[in-house]
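> How does the following fold in three dimensions:
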Amino acid sequence: MRSVVAAVLVPVFVVFLIGPYTFLPSLLEYAVARDVKARLGVEKQPDVELKSDPPLRMLAGEFSGGRIVMKNTDLGNVTATRARIDLDPFDIDVWATIRKGHVVDRDPLSGDVRVDVPESEVSRLAKAGSEIPIQDLDVREDGVVVRSEVSVLGTRFPASIEGDPGLRDGELIFEPQGLTAAGVQVPDELADRLLAGTSFEYPLDRLPYQTTITSVEAEEGQIILSGRVPSVPLGAYPGG
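Below is the predicted model of the structure:
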């Protein structure tokens, strides 16, 4: 009799012990990825990694953090090569999630966000928000260079306008700081007059999950938007 009981209990105990390390994380990560994909309407399912420290706390639905990564995705009115959300600690109703087939969270997820915007997309945003025609644009580690034209005494010259990306009232902005016309550095006083109207602004208010961007920086070939996601709702969704 004891051998029979042992034969039944040992496999159950083994499953209970190794569950948090094997199948349970994969099931929950898939459920979160499926929900995010459905809510954003993106083609590719995001990569999701959930963390629980120690792992056995996952059985109670307690997670110390995690990460959601979306690649080559349209985020409202900005296309990003990569968007990453580093999740704050959160709780999930594990057994209800497994039973219902979608995430049952106790509170919406939140975390820090980083959005990588490629040079080609920055150029598109600049052209959409600028009052002057923009021919080309380079993003470098030390800022942004916009190639356009300026008019001097009725004659138009090719110009390179240097500046830094920034934020103002929730909008991505570019404010010119230097001007080179026909290969010659233009003195600051004259440059200020010639550069009037060459700044551009682009709203970032359509990013998903009520995302707030708090900083922007230039890297070689891209700009990085950083901020916070206050609420990533999971669970039941239209059509889910």
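> tell me what the strand ranked longest in the chain is packed against?
Using DSSP state E, we find that the single longest strand of the chain is strand 155-168. On a contact count with 3 or more C-beta pairs under 8 Å, 6 or more residues apart in numbering; DSSP states H and E, strand 155-168 meets strand 143-152, strand 171-181, strand 212-219. To be clear about C-beta, it is placed using only N, CA and C from the backbone, and glycine gets the same treatment.
> so it versus strand 143-152, what angle?
140 degrees (axes from the mean of the first three to the mean of the last three C-alpha atoms, to 10 degrees).
> So which bits of strand 155-168 are buried?
Neighbour counts over strand 155-168 (16 or more other C-beta atoms under 10 Å) mark Ala159, Ser160, Ile161, Glu162, Gly163, Asp164, Pro165 as buried.
> Can you give the strand pairings for it, parallel or anti for each?
Paired strands of strand 155-168, with direction, are strand 143-152 (antiparallel), strand 171-181 (antiparallel) (DSSP bridges).
> What residues sit buried inside the longest one?
Pointing back at strand 171-181 there. Neighbour count says strand 171-181 has Leu172, Ile173, Phe174, Pro176, Leu179, Thr180, Ala181 buried, by 16+ other C-beta under 10 Å.
> could the residues you listed go into JSON lines alongside distance to Asp138?
As requested, the buried residues of strand 171-181 are arranged in JSON lines below (distance: C-beta to C-beta, whole Å):
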{"residue": "Leu172", "distance to Asp138": "17"}
{"residue": "Ile173", "distance to Asp138": "18"}
{"residue": "Phe174", "distance to Asp138": "12"}
{"residue": "Pro176", "distance to Asp138": "14"}
{"residue": "Leu179", "distance to Asp138": "15"}
{"residue": "Thr180", "distance to Asp138": "13"}
{"residue": "Ala181", "distance to Asp138": "17"}
